[in-house]
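A.B. asks: structure of the sequence below:
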Amino acid sequence: MKKWITTLITASALSTLGALAAPASSVAADETAWLPATATAQFQGASAIVEGASGANVKSTLYVFMDPNCIFCHLVWKALQPYEAVGLQVHWIPMGFLKPDSAGKAAALLQSKNSAALLKELETHYSEKDESGGIAPLASIPPAAQAQLDSNMKLFQDLGFQGTPTIIYQGSGGRWADVDGLPKLSMLPGMLNLPAQPIKDPELQRYR
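C.D. replies: Sure thing, here's the model as predicted:
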């Protein structure tokens, strides 16, 4: 598992939703850790919000475990927008552990009739000062949405992931690997197998 800049989940957060995450950390990359072939159907079948290219326009696909209030998930979202314009499709797999309203926001995303539009609202109105996603949480989480969130968290644990965002990308030979955290921007073209895109957001310049 490669680790860059991530919001780490404490042991208690892995056992109970709603627990707080540990501080973000920056860790040097390890060797590429390929996921077992048996994991593919699991993460591809997870409840997710699909954003970006569609149909014949899809040239690359990512799966990202995220929390609606995770600041590094927010930064990854911003970094991926130029790539979505040239063929990237992203499956955002929501969980709700970071703050008390995380689960309600994640459930709102899953329950929305236009989840991609609501995800865009969450990110475009994200408060970096407060580290808070820019949508209102559901006051009461429907059982179906709670089951989806529980399933996503269990999958996250079963795959041995440790923090958000966790990005799953397809590498050489069609195998899938994961990056734990916000990769350097210079890594994205290789991970996505897409041409490098200009990223001008001032908040991202330190991550080149």
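
A.B. asks: need the three-state assignment for Pro82.
C.D. replies: Following DSSP: H, G, I helix; E, B strand; the rest coil, we place Pro82 in the helix state.

A.B. asks: please report the distance of the spatially closest residue to it that is not a sequence neighbour from Met95.
C.D. replies: Counting by CB to CB, 6 or more residues apart in numbering, Pro82 lies nearest to Gln197, which is 3.7 Å off, once chain neighbours are set aside. Any C-beta I mention is one placed from the backbone N, CA and C, and that applies to glycine too. When distance is defined by CB to CB, to the nearest Å, Gln197 is 28 Å away from Met95.

A.B. asks: which one of those two has more residues nearby?
C.D. replies: When neighbours are counted by other CB atoms under 10 Å, Gln197 and Met95 differ, and Met95 comes out ahead with 26 against 18.

A.B. asks: return the residues in contact with the more buried one.
C.D. replies: Leu17, Phe65, Met66, Asp67, Ser102, Ala106, Leu149, Asn152, Met153, Phe156, Thr164 (CB atoms under 8 Å, 6 or more residues apart in numbering).

A.B. asks: over to Arg208?
C.D. replies: Arg208 makes contact with Lys184, Leu185, Ser186, according to CB under 8 Å, 6+ apart.

A.B. asks: same check on Ala53?
C.D. replies: Lys59, Glu84, Gly87, Leu88, Gln89.

A.B. asks: same question for Leu194.
C.D. replies: Lys59, Ser60, Tyr83, Val86, Gly87, Leu88, Leu188.

A.B. asks: 6 Å instead?
C.D. replies: For Leu194, the contacting residues are Ser60, Tyr83, by CB atoms under 6 Å, 6 or more residues apart in numbering.

A.B. asks: can you read off the pLDDT for it?
C.D. replies: Leu194 is assigned 98 on the pLDDT scale.

A.B. asks: cool, and Leu185?
C.D. replies: pLDDT for Leu185: 98.

A.B. asks: assign the residue lying closest to Pro137 once chain neighbours are set aside to helix, strand or coil.
C.D. replies: Excluding the flanking residues, the one nearest Pro137 by CB to CB, 6+ apart is Gly104, at 2.5 Å. Recorded secondary structure, Gly104: helix (three-state DSSP).

A.B. asks: from Ala37, how far out is Gly104?
C.D. replies: 35 Å.

A.B. asks: quick check: which ranges of this structure have low pLDDT?
C.D. replies: Residues of the chain meeting the criterion pLDDT under 70: 1-31.

A.B. asks: go again with 50.
C.D. replies: Applying pLDDT under 50 to the chain picks out residues 3, 10-30.

A.B. asks: part of a strand, is Lys200?
C.D. replies: No: counting by three-state DSSP, Lys200 falls outside a strand, being coil.

A.B. asks: list the buried residues of the helix ranked longest in the chain.
C.D. replies: Secondary structure assigned by DSSP state H gives helix 143-158 as the longest helix of the chain. For helix 143-158, a neighbour-count test (16 or more other CB atoms under 10 Å) marks Ala145, Gln146, Gln148, Leu149, Ser151, Asn152, Met153, Leu155, Phe156 as buried.
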